[in-house]
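Chemist: just a sequence and a predicted model for now, questions to come.
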Amino acid sequence: MTSATHSGTDLSRPSSQPTPEQIRRAPKVLLHDHLDGGLRPATVIELAAATGYDKLPETDADKLGVWFREAADSGSLERYLETFAHTCAVMQTRDALVRVAAECAEDLAADGVVYAEVRYAPEQHLEAGLTLEQVVEAVNEGFREGERRARENGHRIRVGALLTAMRHAARALEIAELANTYRDQGVVGFDIAGAEAGFPPTRHLDAFEYLKRENNHFTIHAGEAFGLPSIWQALQWCGADRLGHGVRIIDDIEIAENGTVKLGRLASYVRDKRIPLEMCPTSNLQTGAATSYEEHPIGLLRELHFRATVNTDNRLMSGTSMSREFEHLVKAFGYTLDDMQWFTVNAMKSAFIPFDERLAMINDVIKPGYAELKSEWLFRHTVTETA
Ligand SMILES: O=c1[nH]cnc2c1ncn2[C@H]1C[C@H](O)[C@@H](CO)O1
Ligand SMILES: [Zn+2]
């Protein structure tokens, strides 16, 4: 593990690993989280009952949570994606969308997330007759409600929406236009998702070119189930601002026997241009994009100072949270609070909200939050004596 902040002034400070409780309290920033991949199991069951959906594999919340995790554990992105049929099925009405979005914001806030960009594909929520606009407005309403409830419970969170187009479908331009229409009303950008192999991002060039002309922002799922060509297309043909996953960039990095690291042209470009990588370790283990936390490319990419960020992808299918992702990384790589802060600042720098707001989040929320946690060891005697 490397840390740019281990300077001489830090000599007296133990660089110990954060406890799970400190990880949860630490301010965190989430850029890659799917709304339809983060429902509470109990909510899936209640919504299914309310809407007459009878195809759920389990009717007990705990068992359903386990079912999602195990079904998503197949080693294949295609099979992982099949599980979304159930969550999308219960997210077809306005009330369901408001509820799911509100609970999403609440759950993230309770986990210490202070800023999140949550994505979903509006085209997957039209089965009961909602229009694309009604879907976006319902989700926005839910996020605002969730932010309010979080505040009442003593948490501060800001949630922006990313509108996703499905890469196997042909609605990308329409969804990009929708993202542009709602850009000052809760939507901060655009994304494409779905099976990667056989569906290159260049299929949707018209959508990306439209967004560029509108000076809007987008990220592309690339380099997850498919390798370097997908990353190259996403960046050099489509002009993505960020990469969803991007783990396969590791294929363009060579480590010689003497430990010398050599970056290929594409990996150099990604690092030099500070292209944010939205990395989702647990999801990658489930879809076979990585073999273990210890061997996850995020460790090397962090050492090489790529702009790596830590994300959940699908909290339900991966049985995870931002805190859990960090717990895994702390265990695998020995990360400290300085490392956590580094990932968090990386993420905030890479968000799609305006620069002045990102800067204020970093200086007024994230850095003071970490400073508070990092100073706790100074008061450890006071804590133990009064405990
Ligand atoms: O990790 C992913 N890769 C590609 N597509 C994904 C991933 N996680 C979720 N999706 C898909 C399934 C959802 O229904 C859709 C919109 O959120 O995005
Ligand atoms: Zn994803």
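Modeler: In hand now; what should we look at? Ligands and ions are numbered 1, 2, ... in the order given.

Chemist: in the stretch 151-300 of the chain, what residue lies closest to ligand 1?
Modeler: Closest approach of the stretch 151-300 of the chain to ligand 1 (CB to the nearest ligand atom) occurs at residue 193, with a separation of 3.4 Å. Any C-beta I mention is one placed from the backbone N, CA and C, and that applies to glycine too.

Chemist: tell me, what's the model's pLDDT at that residue?
Modeler: Per-residue confidence (pLDDT) for residue 193: 96.

Chemist: close enough to count as contact, it and residue 166?
Modeler: Yes. Applying CB atoms under 8 Å, one finds residue 193 in contact with residue 166, separated by 6.6 Å.

Chemist: name the residue in the two with the higher neighbour count.
Modeler: Summary of the neighbour comparison: residue 193 and residue 166, criterion other CB atoms under 10 Å, with residue 193 having more neighbours (24 against 19).

Chemist: follow-up on the earlier one: now do the same contact list for the residue of the stretch 151-300 of the chain closest to ligand 1.
Modeler: 34, 119, 121, 164, 165, 166, 167, 221, 244 (CB atoms under 8 Å, 6 or more residues apart in numbering).

Chemist: can you report how many residues lie near the fifth one?
Modeler: Residues lying near residue 165 (other CB under 10 Å) number 26.

Chemist: so which bits of the stretch 251-387 of the chain are right by ligand 1?
Modeler: Residues of the stretch 251-387 of the chain lying close to ligand 1 by CB under 6 Å from any ligand atom are 283, 313, 314.

Chemist: thought residue 326 was touching residue 22?
Modeler: No. The pair residue 326 and residue 22 fails to qualify as a contact (CB under 8 Å) at a distance of 9.9 Å.

Chemist: tell me which element residue 130 falls in.
Modeler: Under the assignment given by DSSP states H and E, residue 130 is not contained in any helix or strand.

Chemist: show the model's pLDDT score for it.
Modeler: Reported pLDDT at residue 130 in the predicted model: 98.

Chemist: grab the nearest non-local neighbour of it.
Modeler: Nearest in space to residue 130, with sequence neighbours left out and distances taken as CB to CB, 6 or more residues apart in numbering, is residue 94 at 6.6 Å.

Chemist: let's have the contacts of residue 193 in a markdown table, adding secondary structure and pLDDT.
Modeler: Listed next are the contacts of residue 193 as a markdown table, based on DSSP: H, G, I helix; E, B strand; the rest coil; pLDDT from 0 to 100:
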| residue | secondary structure | pLDDT |
| --- | --- | --- |
| 34 | strand | 98 |
| 119 | strand | 99 |
| 121 | coil | 98 |
| 164 | strand | 98 |
| 165 | strand | 98 |
| 166 | strand | 97 |
| 167 | coil | 95 |
| 221 | strand | 96 |
| 244 | strand | 98 |
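
Chemist: now, which of those lie close to ligand 1?
Modeler: Among those, the ones lying close to ligand 1 by the criterion of CB under 6 Å from any ligand atom are 34, 119, 121, 164, 221.

Chemist: the second one and residue 35: what is the separation?
Modeler: In this case it means residue 119. When CB to CB, to the nearest Å is the yardstick, residue 119 and residue 35 sit 7 Å from each other.

Chemist: is whichever helix in the chain runs longest positioned near ligand 1?
Modeler: Longest helix of the chain, by residue count under DSSP state H: helix 132-152. No. In this structure, helix 132-152 remains apart from ligand 1 according to CB under 6 Å from any ligand atom; the gap is never smaller than 11.4 Å.

Chemist: what is that helix packed up against?
Modeler: Helices and strands in packing contact with helix 132-152 are listed as helix 94-110, strand 158-166, helix 172-181; criterion 3 or more CB pairs under 8 Å, 6 or more residues apart in numbering; DSSP states H and E.

Chemist: pick the most buried one from those.
Modeler: Comparing these on average neighbours per residue, with mean count of other CB atoms under 10 Å, the densest one is strand 158-166 at a mean of 24.

Chemist: could you check the angle that strand makes with helix 132-152?
Modeler: Here strand 158-166 runs at an angle of 150 degrees relative to helix 132-152 (axes from the mean of the first three to the mean of the last three CA atoms, to 10 degrees).

Chemist: adjacent strands (with direction) for strand 158-166?
Modeler: Sheet pairing here is set by DSSP bridges, and for strand 158-166 it gives strand 113-120 (parallel), strand 187-193 (parallel).

Chemist: got the residues of the stretch 101-250 of the chain near ligand 1?
Modeler: 119, 120, 121, 124, 164, 193, 194, 221, 224.
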